[in-house]
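Peer 1: no sequence for this one, just the structure:
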């Protein structure tokens, strides 16, 4: 982060903010297995479709997922798989600090 201008730091902070919500992390983890539509994700997350749609919109806004319309359904998939390396590193650090 050395030398990043304030505008870039704000974008980095927004990216981490998106990842700081458990349901969004769960959605990313589900999409890691392959593309899904909103209904499938809602059932898997035990959330409403509206709630999942809001999370997906935010994930898409930050370039983490990509939406593809097919007929009346929209399917989502991971757009930036590098997020998993970041999540695995953080999860490893958090797990190492337990107990």
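Peer 2: Structure received. All of these numbers come straight from a predicted model, not from anything done at the bench.

Peer 1: Just name whatever secondary elements the least confident helix or strand in the chain by mean pLDDT is in contact with.
Peer 2: Lowest on mean pLDDT, DSSP states H and E among the helices and strands of the chain sits helix 82-96, with a mean of 79. In terms of contacts (3 or more C-beta pairs under 8 Å, 6 or more residues apart in numbering; DSSP states H and E), helix 82-96 is packed against helix 6-19, helix 22-32. Every C-beta, even on glycine, is put in place using the N, C-alpha and C of the backbone.

Peer 1: Other residues contacting the first one?
Peer 2: Helix 6-19 is touched from outside by 1, 4, 24-25, 58-59, 62, 64, 83, 86-87, with contacts defined as C-beta atoms under 8 Å, 6 or more residues apart in numbering.

Peer 1: Export those residues to TSV and append columns for distance to residue 48.
Peer 2: Output for the contacts of helix 6-19, formatted as TSV (distance: C-beta to C-beta, whole Å):
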residue	distance to residue 48
1	37
4	37
24	15
25	18
58	16
59	17
62	22
64	21
83	24
86	28
87	25
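
Peer 1: top of those residues by neighbour count?
Peer 2: residue 59 (25 neighbours; other C-beta atoms under 10 Å).

Peer 1: That one contacts residue 65, correct?
Peer 2: Yes. Between residue 59 and residue 65 there is a contact under C-beta atoms under 8 Å: 4.4 Å.

Peer 1: so what's in contact with those two at the same time?
Peer 2: 27-28.

Peer 1: looking at the helices and strands packed on helix 82-96, which is closest to residue 46?
Peer 2: helix 22-32 (9.5 Å; C-beta to C-beta).

Peer 1: pLDDT (mean, whole number) over the closest one?
Peer 2: Regarding helix 22-32, the rounded mean pLDDT is 95.
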